[in-house]
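J.: build me a model:
(2 chains)
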Number of protein chains: 2
Amino acid sequence: MRATFREQLDTLRGSLVVMGSDVTSAMRWATRSLLEGELEPASRCIETAAAIRDRREEIEEAVVMLLVRQQPVASDLRLALASMRVAGDFERMGALAEHVAKIMLLRHPVTAVPPEVAEVARQMAAIAEQLAWKVTGVLETGDAALAAQLDTDDDEMDELHRQMFEVLFGNWQHDVKSAVDAALLARFYERYADHAVNAAQQVVYLITGVSPANQD
Amino acid sequence: MRATFREQLDTLRGSLVVMGSDVTSAMRWATRSLLEGELEPASRCIETAAAIRDRREEIEEAVVMLLVRQQPVASDLRLALASMRVAGDFERMGALAEHVAKIMLLRHPVTAVPPEVAEVARQMAAIAEQLAWKVTGVLETGDAALAAQLDTDDDEMDELHRQMFEVLFGNWQHDVKSAVDAALLARFYERYADHAVNAAQQVVYLITGVSPANQD
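T.: Below is the predicted model:
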């Protein structure tokens, strides 16, 4: 019985890999549209976010059916719930990518990122994408060591977030609208990173059985 | 077996009522500190948000134990997961109240809400608190009709959110920092409302068995 349960959880992990890859693409497209002013990647981001929402529902339904059929022991049950949580974090990451794309669309053809903040935004975006890519990698390869890098990446993200606000609260030469946009964009990238870190803790739990509270 | 399961779910609902009441208080304190410039409610908000986080963990653990002991049928399993989701939304609402309190603390003794936006902020806060109070009421009384009001409240919240941005993007007389603060505060109140609406859908499901997709 337990072997079958674990096998089915592995199948679920495969669905999460696809979802993680979509989440990474969604933010990549959002960022490209934001920084390059291209409309098409923004639409692709929005479509992908919708697909990610559907996939989350599928995964939750699969977990429910798995739990009903297999009546797992507590440790296996916790693993199934961890898969659900990863899907939940991924859905939020997709929604945050969509928020980035929508800010771009609202301001187009004017850019939402004036030159003074474009570089910080670019760096935040790069780290966001890297985080999503690494979580997906951990899911795919089971390499928990890779997950340990995520905290360092997240620290860099926090530092960039601070830098963004320093620029905004310094001698800002643009209008209030662009300052508010930049602040919200910074928040979206930062929240995306937070969810990636949360997801990674659950993924490590899925792979090693070490609970998030005991991971260091 | 099923009766016991439902009884235990009702006990869980009691814990969710306490949590909902804390979530309402947390935002009330955050708002009071924000609008009245008082420090003490901000600390109470932050303490309460921490207690809410702990309570979420307790509820999740209780759900896991319930599922393991009772091996429920699919419909009961879904109800247990709905309880977990409510706890998850409540935790986020506590965290958002904490964000409001922290913006107040960051700017103190200067107010984070200049007179031009104080009234909109006050109205957003009132609706946010009302939403949390109503969800808690539905949990406590089982009155699903009350839940139907939440969508209207949420529409008002969206309208206030638009008003806030109109003021900020109009002829803003203050510095960029206060515009960014107001924009973030508006987002925190709005997200708090969104989570209340999500929680209410799950609560209606808990009480009536009608899934969120079929609620109107």
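J.: so where do the helices sit in chain A?
T.: In chain A, the helices defined using DSSP state H lie at A:2-36, A:39-70, A:74-107, A:115-141, A:144-169, A:176-208.
J.: adding mean pLDDT, write the ones you listed out as TSV.
T.: Below are those laid out as TSV (pLDDT from 0 to 100):
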stretch	mean pLDDT
helix A:2-36	94
helix A:39-70	96
helix A:74-107	96
helix A:115-141	96
helix A:144-169	92
helix A:176-208	95
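J.: would JSON lines of these with distance to B:Ser21 and mean neighbour count be doable?
T.: For every residue, glycine as well, the C-beta is placed using N, CA and C. Listed next are the helices of chain A as JSON lines, based on distance: least, CB to CB, whole Å; neighbours: other CB atoms under 10 Å in any protein chain shown:
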{"stretch": "helix A:2-36", "distance to B:Ser21": "35", "mean neighbour count": "20"}
{"stretch": "helix A:39-70", "distance to B:Ser21": "28", "mean neighbour count": "18"}
{"stretch": "helix A:74-107", "distance to B:Ser21": "25", "mean neighbour count": "22"}
{"stretch": "helix A:115-141", "distance to B:Ser21": "35", "mean neighbour count": "21"}
{"stretch": "helix A:144-169", "distance to B:Ser21": "33", "mean neighbour count": "16"}
{"stretch": "helix A:176-208", "distance to B:Ser21": "26", "mean neighbour count": "23"}
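J.: right, and A:Leu184 touches B:Phe188 too?
T.: No: judged on CB atoms under 8 Å, A:Leu184 makes no contact with B:Phe188 at a distance of 11.7 Å.
J.: circling back: ok, which of the helices of chain A comes nearest B:Arg107?
T.: With CB to CB, the closest approach to B:Arg107 among these belongs to helix A:144-169: 11.4 Å.
J.: mind checking how far the closest one is from the chain centre?
T.: Helix A:144-169 sits 14 Å away from the centroid of its parent chain (CA atoms, centre = their mean, to the nearest Å).
J.: and chain B, is that helix touching that?
T.: Yes: applying CB under 8 Å from any CB of the partner chain, one finds helix A:144-169 in contact with chain B at A:165, A:168-169.
J.: among the residues you listed, which one lies nearest to chain B?
T.: Comparing those against chain B with CB to the nearest CB places A:Phe169 closest, at 4.9 Å.
J.: excluding its backbone neighbours, what's nearest the closest one?
T.: Distance criterion CB to CB, 6 or more residues apart in numbering or on different chains; nearest residue to A:Phe169, sequence neighbours excluded, is B:Lys177 at 4.9 Å.
J.: what's the separation between that neighbour and B:Glu61?
T.: 42 Å (CB to CB, to the nearest Å).
J.: can you check A:Ser83 too?
T.: Using CB to CB, A:Ser83 is found at 18 Å from B:Glu61.
J.: what do you get for A:Leu184?
T.: For A:Leu184, the distance to B:Glu61 - CB to CB - is 36 Å.
J.: next up, the contacts around the most centrally placed residue in chain A.
T.: With distances taken as CA atoms, centre = their mean, A:Met93 lies nearest the centre of chain A, 3.7 Å away. With contact set as CB atoms under 8 Å, 6 or more residues apart in numbering or on different chains, A:Met93 has these partners: A:23, A:26-27, A:52, A:132, A:192, A:195-196, A:199.
J.: also A:Ala101?
T.: Neighbour list for A:Ala101: A:29-30, A:33-34, A:41-42, A:45-46 [criterion: CB under 8 Å, 6+ apart].
J.: would you mind listing what in chain A touches chain B?
T.: For chain A, the contact set with chain B under CB under 8 Å from any CB comprises A:60, A:64-65, A:67-68, A:71-74, A:77-78, A:81, A:84, A:88, A:165, A:168-169, A:172, A:175-177, A:179-180, A:183-184, A:187.
J.: next, give phi and psi for the nearest residue to A:Pro114 once chain neighbours are set aside.
T.: Distances taken as CB to CB, 6+ apart place A:His174 nearest to A:Pro114, at 5.0 Å, with adjacent residues excluded. Backbone torsions of A:His174, given as degrees, to the nearest 10, read phi -100, psi -180.
J.: repeat that for A:Glu38.
T.: Dihedral angles of A:Glu38 (phi, psi; degrees, to the nearest 10) stand at phi -90, psi 130.
J.: same check, this time on A:Asp143
T.: Per-residue torsions, A:Asp143: phi -80, psi 90 (degrees, to the nearest 10).
J.: and it, how many neighbours?
T.: Around A:Asp143 there are 13 other residues, counting by other CB atoms under 10 Å in any protein chain shown.
J.: and it, what pLDDT?
T.: We have a pLDDT of 89 for A:Asp143.
J.: surely it meets A:Thr136?
T.: No: the criterion here is CB under 8 Å, and A:Asp143 misses it with A:Thr136 at 11.5 Å.
J.: shared neighbours, the two?
T.: Shared contacts of A:Asp143 and A:Thr136, defined by CB under 8 Å, 6+ apart, are not found at any residue.
J.: ok, back up a step: widest-spaced pair of the contacts of A:Ala101?
T.: The most widely separated members of the contacts of A:Ala101 are A:Leu34 and A:Ile46, with 13.1 Å between them, by CB to CB.
J.: any idea how far the residue lying closest to A:Val18 once chain neighbours are set aside is from A:Glu140?
T.: Nearest residue to A:Val18, sequence neighbours excluded (CB to CB, 6+ apart): A:Arg55, at 7.2 Å. Applying CB to CB, the value for A:Arg55 to A:Glu140 is 16 Å.
J.: do the same with A:Asp154
T.: Distance from A:Asp154 to A:Glu140, by CB to CB: 20 Å.
J.: next: A:Trp133.
T.: Taken as CB to CB, the span from A:Trp133 to A:Glu140 is 10 Å.
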